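> Next come a sequence and a model predicted from it.
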Amino acid sequence: FLVCSRSLGKMSGFIEMLLEPIRAMSPIVGSIAMFVLISFCTCSAVITTTPLNFAVGALYGIVPGALLMDVACTTGSVINFLIGRYVARDWARRKLQESPVLSALEKALNKRAFFMLTLARLSPVFPFAMLGYALGATSVELSLFAQTTFVGMLPGCFLYSWIGVSMQEMSGDGGGGWSSWLSIGMSVGSTLLISWQAKKVFDEAMKEGKGGANKAV
C-alpha cells in the first residue's frame, strides 16, 4: 500500500507539472495543445501517453477528457495507419509477417473485421502504435480502422479519465480520502477486467478462425 501510495503521489506531481502550462492557456488553445501532444505521442512507438491520459481527465473531467483523449489517440493511430500504407509499406508488411499474432489477426479479418479490430484495440496483446503501422499494410479500409479504433479505445479512455479525476482529488488539500482510493482501485480493476475479457474473446475468435480455415483446406 505504501509503495502504491508513493507511486501515485509521484504520478500526481508529474501530472500537475504537465497541467501548469495548459491551465495558463485559454480553454480552446489548451484543448488543442493536449490534442496535438496525445496525437504525437500516439504516433510514437516509444513515448507513452499514460500521464497525458490522466492529465486530460484531471483537467476536463471524465466525459470531456475521455472524448478528447479518444479522438486524439484515434487521430494518431490513423497517422500510423497512413504511414504504414503509403510511406513505409514494405517495412510495415515485414513487421506484420514477423509477428505471429499480427499475422493471425490479418487472417481473422476476412470474416469479422469490425469485431476483431475492435477487440484488438481492447486487448493488451497488441503494441498500440505497431498495430496501426501493420494494419496499414493490409487490405483494411481506413474508415473501418478509424471507426474500430475509436470504439475499441473508448472504454479505456473513460477509465483513464476517471483515474485522472481521482488523482486530481488526491492532490488537493483534503487528499481525496478513501473515496479517491476506491475510485482508482475500481478503475484499475475495471481496466484489467476489460483487457482480460477482450483477450479471452479474441483468443476464442482466433481459434474459430483457424478451425474454419482448416476445414476449408
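Sure thing, it's come through.

> Show me what the helix or strand hosting V36 is packed against.
Following DSSP states H and E, one finds V36 within helix 27-43. Secondary-structure packing of helix 27-43 (3 or more CB pairs under 8 Å, 6 or more residues apart in numbering; DSSP states H and E): helix 2-23, helix 50-60, helix 62-82, helix 128-136. The way it works is simple: take the backbone N, C-alpha and C, and place the C-beta from them, glycine included.

> What lies in contact with that helix?
With contacts defined as CB atoms under 8 Å, 6 or more residues apart in numbering, helix 27-43 is touched by 22-23, 25, 47-49, 52-53, 55-56, 59-60, 68-69, 71-73, 75-77, 79-80, 83, 128-129.

> Buried only: go through the residues you listed for me.
For the contacts of helix 27-43, a neighbour count by 16 or more other CB atoms under 10 Å gives the buried set as 22, 49, 52-53, 55-56, 59-60, 68-69, 71-73, 75-77, 79-80, 83, 128-129.

> where are the low-confidence patches of this protein?
Residue ranges of the chain with pLDDT under 70: 1-16, 18, 45-46, 124-125, 170-217.

> neighbours of the nearest residue to V151 once chain neighbours are set aside, just the number please.
Among residues not flanking V151 along the chain, T118 sits closest, at 5.4 Å (CB to CB, 6 or more residues apart in numbering). Number of residues near T118 (other CB atoms under 10 Å) recorded here: 21.

> likewise V29?
Counted with other CB under 10 Å, V29 comes out at 11.

> so who does the residue nearest to V151 touch?
If a contact means CB under 8 Å, 6+ apart, then T118 has 148, 151-152 as its contacts.

> Return the set of buried residues in the helix holding V36.
Using 16+ other CB under 10 Å as the test for burial, helix 27-43 gives 30-31, 34-35, 37-43.

> Nearest to R112 among those?
When the buried residues of helix 27-43 are ranked by distance to R112 (CB to CB), T42 comes first, at 25.3 Å.

> For the closest one, which non-adjacent residue is closest in space?
Nearest non-adjacent residue to T42, counting by CB to CB, 6+ apart: G76, 2.7 Å away.

> so G61 makes contact with Q168?
No: applying CB atoms under 8 Å as the test, G61 and Q168 come out as separate, 9.6 Å apart.

> of the two, who's got more company?
Q168 (21 against 15).

> Report the spatially nearest residue to the more buried one, omitting neighbours in sequence.
Distances taken as CB to CB, 6+ apart place A58 nearest to Q168, at 3.7 Å, with adjacent residues excluded.

> Show the contacting residues for that neighbour.
The contact partners of A58, by CB under 8 Å, 6+ apart, come to 15, 19, 65, 164-165, 167-168.

> Compare those and tell me which is most surrounded.
G164 (31 neighbours).

> distance of that residue from A58?
Using CB to CB, to the nearest Å, G164 is found at 4 Å from A58.

> Same check on L67?
To A58, L67 is 15 Å away according to CB to CB.

> do A146 as well
Taken as CB to CB, the span from A146 to A58 is 27 Å.

> do Q147 as well
28 Å.

> got the CA coordinates for stretch 80-94 in CSV?
The C-alpha coordinates for stretch 80-94 follow below in CSV (Å, rounded to 0.1, in the frame of the first residue of the first chain):
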residue,chain,number,x,y,z
ASN,A,80,0.3,5.5,-38.1
PHE,A,81,-2.0,3.6,-40.5
LEU,A,82,-1.3,6.1,-43.4
ILE,A,83,2.4,5.8,-42.8
GLY,A,84,2.2,2.0,-42.9
ARG,A,85,0.1,2.2,-46.1
TYR,A,86,1.8,4.9,-48.2
VAL,A,87,5.3,5.8,-46.7
ALA,A,88,6.7,2.6,-45.1
ARG,A,89,4.6,-0.2,-46.5
ASP,A,90,7.4,-2.7,-47.1
TRP,A,91,8.7,-2.2,-43.5
ALA,A,92,5.1,-2.5,-42.1
ARG,A,93,4.4,-5.6,-44.2
ARG,A,94,7.6,-7.2,-42.9
